[in-house]
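> Fold the following.
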Amino acid sequence: MKKEFEIVLNAVLNSGTPSIKKANIDELIKIAARNKILLQFLRVTRLDEKLLLLEEAKYRKFLENLALTQETLSNLDHIFIKLRKPVAYVPSDIDILIPRKLISKAVHRLMEKGFRIEVAEPYCITMTRREAIIDLYIYPTLGGMIYVNTDKLFEYKEAIEFNGIEIYTLSPSAEALVTMAHSIYKERIYTLNDFFTVKKWMSKKTIRLAEELSCEDALKVAMNLNRKIRLGLLETPYKIPLPLWLALLMRKFQRDSLTRATSVSMLKTLTNKRVGKLLKSKLTRETY
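This is a model prediction of the structure:
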């Protein structure tokens, strides 16, 4: 394991300032950023006060948009996902699960607040307002193919206070499952953000939920990656090898009736230039 990666991992793991003698500080920051834990790393280490101030400013802006979104959707059934984490980071967008019957109301309300539709797909609508991006999911998909049946996830909905904002999100055990599925099935990349989420919130409930949603393979891969990271055998971001990724998708197709039923959507979207670029990106990029 590279020294700089070990420093970043241990700094966040132990919530302490590491010894950085002879370490490349720019490399430390790069590793933390690529692993989606830059804000947490800078808060713990105070290695770059100027960069920390910039990250904190980004985070405050994100929270403003989150509060606006929560207020706009206040009496509609919804759940914020990929938001509640055991480490602080600045999300690139706001991800929301919402029942199909309420999607039109949600879109209309957000448009009244100045958001506009950027992309409309069968199971996801992306809306923007200046720098803010919102993804409204009926189901999380990969190229139109559903990889998690989110109907079940509404049973794990709970209200929390998130940085002073009352929101509805998933229980920690369910968030761990969504994290695994998203990183392994959709992004094909595993980060330290994923590692800390799975490490902290993996439970027996997560295992049961993985079985119910036919995500056992994602769980097994995530647990194996976590073990290797803890033992110093693996650095992240870790890109799932293409043959393994394709095999995981094939087993998902075989075991999950919802994935199987929507797989034709993925084939159709391959002719879409935008989706084609996204899928090409998954084959070549090193982080997300």
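
> switch to C-alpha atoms for all contacts and neighbour counts from now on
OK.

> Helices along the protein, start to end?
Remark: helices assigned in the chain by DSSP state H are 3-14, 25-34, 38-45, 49-72, 103-112, 172-181, 192-201, 204-212, 216-230, 242-255, 257-269, 273-284.

> by contact count, what packs against the third one?
Taking 3 or more CA pairs under 8 Å, 6 or more residues apart in numbering; DSSP states H and E as contact, the helices and strands that helix 38-45 lies on are helix 3-14, helix 25-34, helix 49-72.

> Does the second one pack against any helices or strands, and if so which?
By that I understand helix 25-34. Secondary-structure packing of helix 25-34 (3+ CA pairs under 8 Å, 6+ apart): helix 3-14, helix 38-45.

> most neighbours per residue, which of these?
Highest mean neighbour count among the helices and strands packed on helix 25-34 (mean count of other CA atoms under 10 Å): helix 38-45, with a mean of 22.

> Could you check the angle that helix makes with helix 49-72?
130 degrees (axes from the mean of the first three to the mean of the last three CA atoms, to 10 degrees).

> So what touches helix 38-45?
By CA atoms under 8 Å, 6 or more residues apart in numbering, the surrounding residues in contact with helix 38-45 are 8, 11-12, 15-18, 29, 32, 48-49, 52, 55-56, 87-90.

> Report the helix or strand with the lowest average pLDDT across the chain.
helix 273-284 (a mean of 58; mean pLDDT, DSSP states H and E).

> contacting residues around the most centrally placed residue in the chain?
For the chain, the residue nearest the mean C-alpha position is Lys82 (4.4 Å; CA atoms, centre = their mean). Applying CA under 8 Å, 6+ apart to Lys82 gives the contacts Asp95, Glu175, Val178, Thr179.

> my guess is the second one meets Ile79, correct?
No. Under the contact definition of CA atoms under 8 Å, Glu175 does not touch Ile79, with a separation of 11.0 Å.

> hmm, back to that, quick one: closest of the helices of the chain to Ile125.
When these are compared by CA to CA, helix 103-112 sits nearest Ile125, at 8.3 Å.
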